[in-house]
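K.L.:
build me a model from this:
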Amino acid sequence: MASIELKSVEKWYGEAQVIKGVDLAIEEGEFVIFVGPSGCGKSTLLRMIAGLEETSRGQILIGGRDATAEPPARRGLAMVFQSYALYPHMSVRENMGFSLKAAGVAKSEMDAKVDEAARVLKLEPLLDRRPKDLSGGQRQRVAIGRSIVRDPTAFLFDEPLSNLDAALRVEMRYEIAKLHQTLDATMIYVTHDQVEAMTLADRIVVLEAGRVSQVGTPRELYEKPGNLFVAQFIGSPKMNVFPAATPGLTLDAPLPAQAEHFGIRPEHITLAEPGSGQIDGTVDVMEYLGADTYVIVDCGPAGKLTVRSHGDTGLKPGQSCGLIFEPGQTHLFDAQGLALR
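P.N.:
This is a model prediction of the structure:
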């Protein structure tokens, strides 16, 4: 396995710049996830690392070697795409071993590598089946197995779970997490789903309009977002944000003069009697999810704030309530959207 480093990497399509000077160091064996909204450049950046997109400026180092101008085949990377792209007329064993066969690897060595990959991915009972006889999750495991047999320097995943239904996505998240633990491999994974990012990554790279907005562990990004974009992108439901100068907002201490935006996460708000909290509002919508209930409260100038409450709150739409903010759990941002520490 190898480390991967990006140095001032840029991508231009004519006059349009889509990757805007990315610097990033990924350690050997690290699981890093690129996340961000559609069009932020995450898949383009991954394809540049793979060599499928030309790097306009900057350097890409793989294992300390400058691979910027190298073709994909010489980079030693394995890429797993959103589409399984399995050969329908081949068995699972043949699909997994196809690249080795094409490279002239001896049959005994090829079979040994396929058997080991099948053991890791729990595909041993399926080796003689065709893709049409497999579920979506099994097909994606075969696609991953096809990459494992090549013994790559790193794995690149481009939204590999987006074609699966909700239950299979959860199952495959577990499989990929276990795979990383087993192989201790360098992995870069692209997704627009921040739940996948939070549950799988050692570190998350949040991209916004071709730039790195923030890099950190899932906990760091959730608890200490560096800017307004990360604060509202990471977390579900997203952080409540409203103007710091909102009328009716009562706080224990005055806010810094540069504070323009006030943020608090739904789980750090407690429902109370009107007049007993930091702000009052009227219950707009109740979303009952079993263990949790999301209460959307219309707080006038502050807008609609989401409160995460456990079980039944006893409130009904149209009722007035107060909101108590947990001390030490508020976030402040300046006029540029940067966090105030």
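K.L.:
switch to C-alpha atoms for all contacts and neighbour counts from now on
P.N.:
Will do.
K.L.:
for the most centrally placed residue in the chain, give me its contacts.
P.N.:
For the chain, Ala197 is the residue whose C-alpha lies nearest the centre (C-alpha atoms, centre = their mean; 2.7 Å). By C-alpha atoms under 8 Å, 6 or more residues apart in numbering, the contact set of Ala197 is Ile33, Phe34, Val35, Thr191, Ile204, Pro218.
K.L.:
please repeat the previous calculation with a cut-off of 10 Å.
P.N.:
Neighbour list for Ala197: 32-36, 173, 189-191, 203-206, 217-218, 234 [criterion: C-alpha atoms under 10 Å, 6 or more residues apart in numbering].
K.L.:
one more: Gly275?
P.N.:
So Gly275 contacts Thr250, Gly281, Ser320, Cys321, Gly322, Leu323, Ile324 (C-alpha under 10 Å, 6+ apart).
K.L.:
hey, where'd the helices end up in the stretch 151-300 of the chain?
P.N.:
Applying DSSP state H, counting those that start in this stretch to the stretch 151-300 of the chain gives helices spanning 166-183, 194-200, 218-223, 228-233.
K.L.:
what about the residue nearest to the centre of the chain, distance to Arg139?
P.N.:
Distance, Ala197 to Arg139, using C-alpha to C-alpha, to the nearest Å: 22 Å.
K.L.:
next one: Val285
P.N.:
41 Å.
K.L.:
same question, Gln258
P.N.:
53 Å.
K.L.:
pick out whichever of these two has more residues nearby.
P.N.:
Higher neighbour count among Gln258 and Arg139: Arg139, with 20 against 12, using other C-alpha atoms under 10 Å.
K.L.:
ok, back up a step: what's the ChimeraX syntax to select whichever of the contacts of Gly275 are buried?
P.N.:
Here is the ChimeraX command that picks out the buried ones among the contacts of Gly275, judged by 16 or more other C-alpha atoms under 10 Å:
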select :281,320,321,322,323,324
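K.L.:
and the contacts of Gly275, which two are furthest apart?
P.N.:
Thr250 and Ser320 (16.7 Å; C-alpha to C-alpha).
K.L.:
follow-up on the earlier one: let me know the closest of the contacts of Ala197 to Phe242.
P.N.:
Closest to Phe242, out of all of the contacts of Ala197 and judged by C-alpha to C-alpha, is Ile234, at 16.8 Å.
K.L.:
tally of neighbours for the closest one?
P.N.:
23.
K.L.:
and what of Val195?
P.N.:
So Val195, with other C-alpha under 10 Å, has 12 neighbours.
K.L.:
give the contact list for it.
P.N.:
Ile234, Gly235, Ser236.
K.L.:
state the pLDDT value of it.
P.N.:
With respect to pLDDT, Val195 scores 88.
K.L.:
repeat for the one 4 residues further on
P.N.:
According to the prediction, Thr199 has pLDDT 93.
K.L.:
Ser43 falls within a strand, correct?
P.N.:
No. Ser43 is assigned helix when assessed by DSSP: H, G, I helix; E, B strand; the rest coil, not a strand.
K.L.:
pLDDT score for it?
P.N.:
Listed pLDDT for Ser43 reads 94.
K.L.:
what do you get for Gly311?
P.N.:
Gly311 carries a pLDDT value of 77.
K.L.:
surely it is in contact with Ala291?
P.N.:
Yes. Between Gly311 and Ala291 there is a contact under C-alpha atoms under 10 Å: 5.3 Å.
K.L.:
comparing the two, which residue is more hemmed in?
P.N.:
Comparing Gly311 with Ala291 by other C-alpha under 10 Å, the one with more neighbours is Gly311, at 13 against 9.
K.L.:
measure Leu156 to Gly41 for me?
P.N.:
For Leu156, the distance to Gly41 (C-alpha to C-alpha) stands at 15 Å.
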